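[1] Fold the following.
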Amino acid sequence: MVFCNFTSVKDEHIDSHLQLKSKLMGIEESALKGYGDFMKSKTGEMTPEQTSVWNAKQTYIALGNAMAMCAELKIDTCPLEGFSPEEYNSTLGLHKKGLESTVVLTLGYRSAEDKTQHSPKVRKNLEDLFEYL
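    Here you go, the predicted structure:
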C-alpha cells in the first residue's frame, strides 16, 4: 500500500470533508461552516513547508490505523520509508492528482516455513523506552 498526502490543502478538500461529515453524522452543512472557516484559516496560514509536514503527519495517522487493523486480521505489516518517493510519484502519476507518496506499507501472511518468526523480538524494556515524570 502506498500512503499519499495532498501536496497542498485547498478549500475544496475541507469542503469535501465537511460534506462527508454532514452526511455521515446527520449534521446540517451550515452548522459546520464555522468549523470549516476555522480549518481554512489555519491551513491558509501555513507555509508550503509547514503544509507538507502537517499533511505527512496526517498520513501517518492513517498508517497506524491500517497497521492496527491488519494486526487484528492476523496480517503482518512493515512500514517503509526507505523508498524513492519521486519514483513512486512519477510511476503512479501522483503529482497529476495533487498527491505525493509519504510511506509504503508492505503486508501479507507469514510463511509457516519462516524459522525466524518464533525468535525473540528485540525490544527495549519499558524503563529504557519511557521516561516517567
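[2] neighbours of Thr102, just the number please.
    21 (other C-beta atoms under 10 Å). In short, each C-beta sits where N, CA and C put it, glycine included.
[3] Contacts for the helix ranked longest in the chain next, please.
    Longest helix of the chain, by residue count under DSSP state H: helix 48-72. For helix 48-72, contacts defined as C-beta atoms under 8 Å, 6 or more residues apart in numbering pick out 1, 3-9, 43, 46, 76-77, 79, 102-103, 105, 107.
[4] change it to 7 Å
    1, 3, 5-6, 8-9, 43, 46, 77, 79, 102-103, 105, 107 (C-beta atoms under 7 Å, 6 or more residues apart in numbering).
[5] In CSV, list those along with pLDDT and distance to Gly64.
    Below are these laid out as CSV (pLDDT from 0 to 100; distance: C-beta to C-beta, whole Å):
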residue, pLDDT, distance to Gly64
Met1, 97, 13
Phe3, 98, 10
Asn5, 95, 14
Phe6, 93, 19
Ser8, 91, 24
Val9, 92, 21
Thr43, 94, 22
Met46, 94, 23
Thr77, 97, 10
Pro79, 97, 9
Thr102, 96, 13
Val103, 97, 11
Leu105, 98, 10
Leu107, 97, 14
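[6] Now the buried members of these.
    For these, a burial check counting by 16 or more other C-beta atoms under 10 Å picks out Phe3, Asn5, Phe6, Val9, Thr43, Thr77, Pro79, Thr102, Val103, Leu105.
[7] Show me which of those is closest to Gln117.
    Taking C-beta to C-beta as the measure, Gln117 sits nearest to Thr77 out of those, at 14.3 Å.
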